[in-house]
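Trainee: model this:
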Amino acid sequence: MSAATEALHPAGHPADHGHEHDHDHAHDHAHHAQTGWRRWFYATNHKDIGTLYLWFAFTMFIIGGTMALGIRAELFHPGLQFWQPEFFNQLTTLHGVIMVFGAIMPAFTGLANWMLPLMIGAPDMAFARMNNWSFWLLPPAALLLIISLFVPGGAAAGGWTLYPPLSIQGGMGMDFAIFAIHLLGISSIMGSINIVTTVLNMRAPGMTLLKMPMFAWTSLITAYLLIAVAPVLAGAVTMLLTDRHFGTHFFKAAGGGDPVLFQHIFWFFGHPEVYIMALPAFGIVSQIIPTFSRKPLFGYVSMVYATSSIAILSFMVWGHHMFAVGMPPTAQLFFMFMTMLIAVPTGVKVFNWIATMWQGSLSFETPMLFAIGFVCLFTVGGFSGLVLSIAPIDTQMQDTYYVVAHFHYVLVAGALFSLFGAVYYWLPKWTGHMYSERAGKFHFWWSMVWFNVTFFPMHFLGLAGMPRRIPDYPLQFTDFNSVASVGAFCFGLGQLFFLYNVIHTIRGGVGPAPANPWEAHTLEWEVPSPAPHHTWETPPDEALVRKGFAAQALEH
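Mentor: Residues are numbered from 1 along each chain as shown. Below you'll find the model as predicted:
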């Protein structure tokens, strides 16, 4: 019996058989999935909700990506080609907000919904109805962001960071963005409470915290981060709203406020947010690499401690986004050293992934290719982050394309590549069919090549002094911009291969998938493929949990 059905009819209180409809509904829910739109709209099953999150995230990825192509089309040549500067700023702002809050974060929440109960032996997420509610807050928020393009004055145009005074001066599109961010934040907090409760209270017998898969650990720590910082962002945008409409002067210099205060509050949220998008990626890669290396994860306990260290240190580095605001040298030194320090636990992770592959029996299926691509390119993004951590260098690089290159190496080659790897890794379990390995490898190599063609030249543009968020530029920046624009269009085209491969797999793929096609050792591979609607109604055997852990991580 599912958690949701038990909530409908607690033990000892059978359904009222006088109400045939209620009884039929409960029977339907307990034994097979509802059909049609009701299955999705009233979904309380973690697999259905995970699927909704993943499709929503991919839709927003396409919308945000289309906006990115609009930006790159404008920058293909100097001079104004397609957009007025005001609309160009709206594109850059919405692209950032949609990709961060609409694509990457919901995708990781969807993966957590789908996989966590399977991985820890739980029958479902802890709060099934809240789970439904946390998803259905997302489409109205996305709609608010998209329709803000069509209201008088257009969408928010202050950059995705929404800095005042631009965000105070904008039209009603800015208010739409503020309300959308509130909805997205409420959704994130509800989803995070669900993840924390599920992981802490619903693990299978014998699965202690230090026997959990790494993806469960990173999801748990990410959920704690979100609960801590989402209210901070909500406070910042609420202060913006009151400055705009209710006569307050939090950030209005003319009334005694301080626009830099917004930057402090925003980045106190914003830097943990970077790790909210990176830590689940670390967890995914920590599942994929041991599987395709046929070796236990090297240094499992050090990985857990490194993840926790990153989460704690992420609250102490926000000032490195603000080296150019006139911060006192003492504060600059503090943030500079803390930023360098956070590279240590991240380096531990990269070392452990490489040590896991060392002398392993490697095979290079598509998930492994994306995992290795992630490690290589995320490390490049980490190194450019170390460069930016040095205050005197950052003062030169601030708000140039070097920063754009850095965070796209972290978030596209980091978060997005790990998500592609996760989809290919778990798709046989979700659908019961094997994807086309040939199409998957083509998608990887196409994405890998064109990603680098798009974003690597931006390092040189930034070093040469090209500012970000400008629709026009001097002639000397033309060549690298043209190369980046061609790369962006090719990279975007490549994601249609991914969509084709996923839909082809759902419709039958290249054949049925065995229960454990990768010979992996975590619990989700113990259930049949496709995963039944209800799983682990009886918790998995303790011996199974111990065996799985011994195979996936060396006993400590």
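Trainee: drop to CA atoms for contacts and neighbour counts, all remaining ones
Mentor: OK.
Trainee: Does anything pack onto the strand or helix carrying Val375? Which helices or strands?
Mentor: For Val375, the host element (DSSP states H and E) is helix 366-389. On a contact count with 3 or more Cα pairs under 8 Å, 6 or more residues apart in numbering; DSSP states H and E, helix 366-389 meets helix 259-293, helix 329-357, helix 391-397, helix 401-410, helix 417-431, helix 437-463.
Trainee: Any chance you could list what contacts it?
Mentor: Contacts to helix 366-389, defined as Cα atoms under 8 Å, 6 or more residues apart in numbering, come from residues 285, 288-289, 292, 320, 336, 339-340, 343, 350, 393-394, 397, 403, 405-410, 413-414, 417-418, 420-425, 437, 440-441, 444, 448.
Trainee: let's see 6 Å
Mentor: Here helix 366-389 makes contact (Cα atoms under 6 Å, 6 or more residues apart in numbering) with 285, 336, 339, 394, 406, 409-410, 413-414, 417, 421, 424-425, 440-441.
Trainee: quick one: which of the residues you listed is nearest Ile310?
Mentor: Ile310 lies nearest to Thr339 out of these, by Cα to Cα, at 10.5 Å.
Trainee: Tell me where the model's unsure across this structure.
Mentor: Flagging of the chain using pLDDT under 70 yields the residue ranges 1-33, 554-556.
Trainee: isn't Gly360 right up against Ser293?
Mentor: Yes. If you go by Cα atoms under 6 Å, Gly360 and Ser293 touch, sitting 4.8 Å apart.
Trainee: When the two are compared, which one has more neighbours?
Mentor: A direct count of neighbours by other Cα atoms under 10 Å for Gly360 and Ser293 places Ser293 higher, at 19 against 15.
Trainee: Now do the same contact list for the more buried one.
Mentor: By Cα under 6 Å, 6+ apart, the residues touching Ser293 are Met357, Gly360, Ser361, Leu362.
Trainee: Just the buried residues out of those residues, in PyMOL syntax.
Mentor: To isolate the buried ones among the contacts of Ser293 in PyMOL, judged by 16 or more other Cα atoms under 10 Å, type:
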select buried, resi 357+362
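Trainee: State the pair within the contacts of Ser293 that is farthest apart.
Mentor: Farthest-apart pair in the contacts of Ser293 is Met357 and Ser361; separation 8.0 Å (Cα to Cα).
Trainee: First-to-last residue distance for stretch 92-106?
Mentor: End-to-end distance for stretch 92-106, by Cα to Cα, to the nearest Å: 20 Å.
Trainee: contacting residues around that stretch?
Mentor: With contact meaning Cα under 6 Å, 6+ apart, stretch 92-106 is reached by Tyr53, Ala57, Met60, Phe61, Gly64, Met67, Ala157, Gly159, Trp160.
Trainee: Check stretch 133-142 too.
Mentor: In contact with stretch 133-142 (Cα under 6 Å, 6+ apart) are residues Ala180, Leu183, Ser187, Met190.
Trainee: Pull the number of nearby residues for the third one.
Mentor: So the one you mean is Ser187. Every residue meeting other Cα under 10 Å relative to Ser187 is counted, giving 23.
Trainee: do the same with the last one
Mentor: Met190: 19 surrounding residues under other Cα under 10 Å.
Trainee: how close does it get to Leu183?
Mentor: For Met190, the distance to Leu183 - Cα to Cα - is 11 Å.
Trainee: cool, and Leu54?
Mentor: Separation of Leu54 from Leu183 (Cα to Cα) stands at 18 Å.
Trainee: picking that back up, farthest-separated two in the contacts of stretch 133-142?
Mentor: Spatially, the most separated pair among the contacts of stretch 133-142 is Ala180 and Met190, at 15.6 Å (Cα to Cα).
Trainee: what sits against Lys211?
Mentor: Counting by Cα under 6 Å, 6+ apart, Lys211 touches Phe549.
Trainee: which residues in the stretch 51-200 of the chain form helices?
Mentor: All helices of the stretch 51-200 of the chain, identified by DSSP state H, counting those that start in this stretch, fall at 85-97, 105-120, 128-136, 138-147, 166-169, 172-201.
Trainee: could those be laid out in TSV, adding distance to Asn501?
Mentor: Shown next, in TSV, are these (distance: least, Cα to Cα, whole Å):
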stretch	distance to Asn501
helix 85-97	25
helix 105-120	18
helix 128-136	25
helix 138-147	25
helix 166-169	41
helix 172-201	29
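Trainee: Which one, of the ones you listed, ends up nearest to Gly256?
Mentor: Each of the helices of the stretch 51-200 of the chain has some distance to Gly256 by Cα to Cα; the shortest is helix 166-169, at 14.7 Å.
Trainee: what's next to that closest one, contact-wise?
Mentor: Under the contact criterion Cα under 6 Å, 6+ apart, helix 166-169 has outside partners Gly158, Arg244.
Trainee: likewise stretch 486-499?
Mentor: Stretch 486-499 has contacts (Cα under 6 Å, 6+ apart) with Ser447, Trp450, Val453, Thr454.
Trainee: I'd like to know how many residues surround the nearest residue to the first one once chain neighbours are set aside.
Mentor: Put plainly, it is Ser447. For Ser447, ignoring the flanking residues on the chain, the nearest one in space by Cα to Cα, 6 or more residues apart in numbering is Phe491 at 5.6 Å. Phe491 is flanked by 23 other residues according to other Cα under 10 Å.
Trainee: ok, and Phe491, which helix or strand is that part of?
Mentor: Element membership of Phe491 [criterion: DSSP H and E] is helix 478-506.
Trainee: From Ala415, how far out is Gly381?
Mentor: Distance from Gly381 to Ala415, counting by Cα to Cα: 12 Å.
Trainee: So these two - more neighbours on which side?
Mentor: Shown here are Gly381 and Ala415; by other Cα under 10 Å, Ala415 has more neighbours (28 against 23).
Trainee: and Tyr252, what is it in contact with?
Mentor: I think there's a mix-up here, since residue 252 is Lys and not Tyr. Counting by Cα under 6 Å, 6+ apart, there are no residues that Lys252 touches.
Trainee: Against Ile120, how distant is Pro272?
Mentor: From Pro272 across to Ile120, the span is 26 Å (Cα to Cα).
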